[in-house]
Every structure is written in C-alpha cells, then in structure tokens.
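Peer 1: got a predicted structure here, sequence first:
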Amino acid sequence: MSTTQIVYVVAKTLPEAWERSLVVLRETGVIIDTEYNEKSIDAPAVIIVEEPFAEPRIHLKGIVAGSLKGLLDYVDEVVKGIHDYLVEKVGYTYHERLFSYRLPDNTVVNQIVRVVEKLRKVPYTRRAQAITWQPWKDLETEHPPCLQRMWFRVVNGKLVMHTHMRSNDALKAAYMNMYAFTELQKYVAQQLGVEVGRYIHIADSYHVYERDWKWFKTFVEHIESGESKKRWRTTEEYMKMVQATERKTQSI
C-alpha cells in the first residue's frame, strides 16, 4: 500500500462529492486482497462536502437498498434506531452504538446526548465525539462496525462533523452512509440550535469489490461524460418519486 495515493475530494454537494471520489479511486486505487476471497480496488479517502444540505442532495445511483424508500429507511435506522430491536441477532446497529453504547459492566452511555451537552457548554471543544468500536467484541466478530467514530465541533456558528470509517464500500455504501450521517449531523445541530456546517468523510479503506468492477468502470465513464448527472435529484423531487412509488405499490 506504500504507493497508494489518497482519494482527496472537495465538493459542494453530496452527489458531486461521491461521484468525484469514485473517479479518483478509479485513477489512484491499488488492487489488494480481501478477507472475502476476492480482490478490491482500494485507497484511503478524505471526502469534504462543503454544504451537505445544498441541493441537489440525492443521487439515485447511490441508493443501493432495494427500493427508493430504502434511503429513508436507512436514515431512520441511523438517526431513530428503528432496527435496534435486531441488535441481539445482527450484533450491532450504528444507532445502538451511538445512542446506547453498552460497556462490559452493562452501563449504557448515550454518546450523542453527551456530545450535545458538551457542545452546549463548550462549542469549540475538541472532545465531542462518539465511537462504535467495542474491542472486547469487535476484534473477534466476523462483521464489526465499519463506522468507527464521529467528531463534532461548532465553528462560526455551524456544526461541523467528521466521520471516520475503517472500511467503506465506495460504490454500494458510501453515498447512503454520507447521506444518513449528515442527517445525524442535522439532528445534533438542531439540538444545539445551530446550522449545519461542512461534513468530512474519512475512510481508511475506500474500496470497490472485484465483483463490481464492470459496473464501477461503466459508472465512472458516465460520470466523466456528464451522463450521471441525470441521476441527481433535489430532495423535493426524490420525495415525490417515493410517494408515487408508494401509491403505485398500494394500488396493486
């Protein structure tokens, strides 16, 4: 990995940032083995979204969830914990680790509440963070959390957030991750009564699996030609699409 160049992207919106990150990954990533018996193209990544709630905010190609509404369900999973009841079966959810972090002695810490409390007292603190990693569990489990840490600070009256991932599927997960995490950023900002500032997405391994390379190559070509922008939507446009799909489903 010594010759790997970092994927470094600065963009105004989420769709633009995600697309640019894929182009740079295609250009600079290295081929490396994985623990899933296939190779991946891989590089560290730093993706800076200057205005995460600027429109258009939706990239239809990034919604890899089985349905259009799947993006909204994922947000509810991260921000509201709608799947926390599955923790015993699946091992963790991001919401459970962030809002109900359980220590070995069964003490439960709501890290997001503590972050808000800390920032209310000291908006410029460097100590407002929430983690997911539980070494007594995650060092041995087959599927540990990809999200590791979220760091928050109020800068010039706006809440900035840095998200750190140990591993991130650039093609099939990164956009939905960034979208949902910025919704959590907005939730914390609302608790503080401040605006949302920049979002920084950091991944130690930003990758695309070998099984997806053909799709990856084609999509990057569409990005470079400008064809992919046809998949960008404003939030309002997206919500209308979801509602239309729901009505159609209910009428069947």
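Peer 2: Structure's in. What do you need?
Peer 1: now Glu77. Nearest residue, chain neighbours left out?
Peer 2: His83 (4.8 Å; CB to CB, 6 or more residues apart in numbering). Just so you know, the C-beta spots here come from the backbone N, C-alpha and C atoms, and that holds for glycine as well.
Peer 1: contacting residues for that neighbour?
Peer 2: Counting by CB atoms under 8 Å, 6 or more residues apart in numbering, His83 makes contact with 77, 90, 93, 95.
Peer 1: reformat these as JSON lines; add secondary structure.
Peer 2: Output for those, formatted as JSON lines (DSSP: H, G, I helix; E, B strand; the rest coil):
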{"residue": "Glu77", "secondary structure": "helix"}
{"residue": "Val90", "secondary structure": "helix"}
{"residue": "Thr93", "secondary structure": "coil"}
{"residue": "His95", "secondary structure": "helix"}
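Peer 1: can you give me the strands for the stretch 1-150 of the chain?
Peer 2: Here the stretch 1-150 of the chain has its strands, by DSSP state E, counting those that start in this stretch, at 7-11, 30-33, 39-49, 58-59, 101-102, 108-109, 129-131, 147-155.
Peer 1: mind giving me the packing neighbours of the third one?
Peer 2: The criterion is 3 or more CB pairs under 8 Å, 6 or more residues apart in numbering; DSSP states H and E, and the helices and strands that strand 39-49 contacts are strand 7-11, helix 14-28, strand 30-33, helix 174-192, strand 195-209.
Peer 1: which one of those lies closest to Gly62?
Peer 2: Closest approach to Gly62 among the helices and strands packed on strand 39-49 is made by helix 174-192 (2.8 Å; CB to CB).
Peer 1: got the CA coordinates for that closest one in CSV?
Peer 2: The C-alpha trace of helix 174-192 is given here as CSV (Å, rounded to 0.1, in the frame of the first residue of the first chain):
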residue,chain,number,x,y,z
ALA,A,174,-20.6,5.4,0.7
TYR,A,175,-23.4,7.6,-0.7
MET,A,176,-26.0,6.2,1.6
ASN,A,177,-23.6,6.4,4.6
MET,A,178,-22.8,10.0,3.9
TYR,A,179,-26.5,10.9,3.4
ALA,A,180,-27.6,9.3,6.6
PHE,A,181,-24.6,10.6,8.6
THR,A,182,-25.3,14.1,7.5
GLU,A,183,-28.9,13.6,8.7
LEU,A,184,-27.5,12.7,12.1
GLN,A,185,-25.3,15.9,11.8
LYS,A,186,-28.5,17.9,11.2
TYR,A,187,-30.2,16.2,14.2
VAL,A,188,-27.3,17.3,16.5
ALA,A,189,-27.3,20.8,15.0
GLN,A,190,-31.0,21.1,15.8
GLN,A,191,-30.5,20.1,19.4
LEU,A,192,-27.9,22.9,19.6
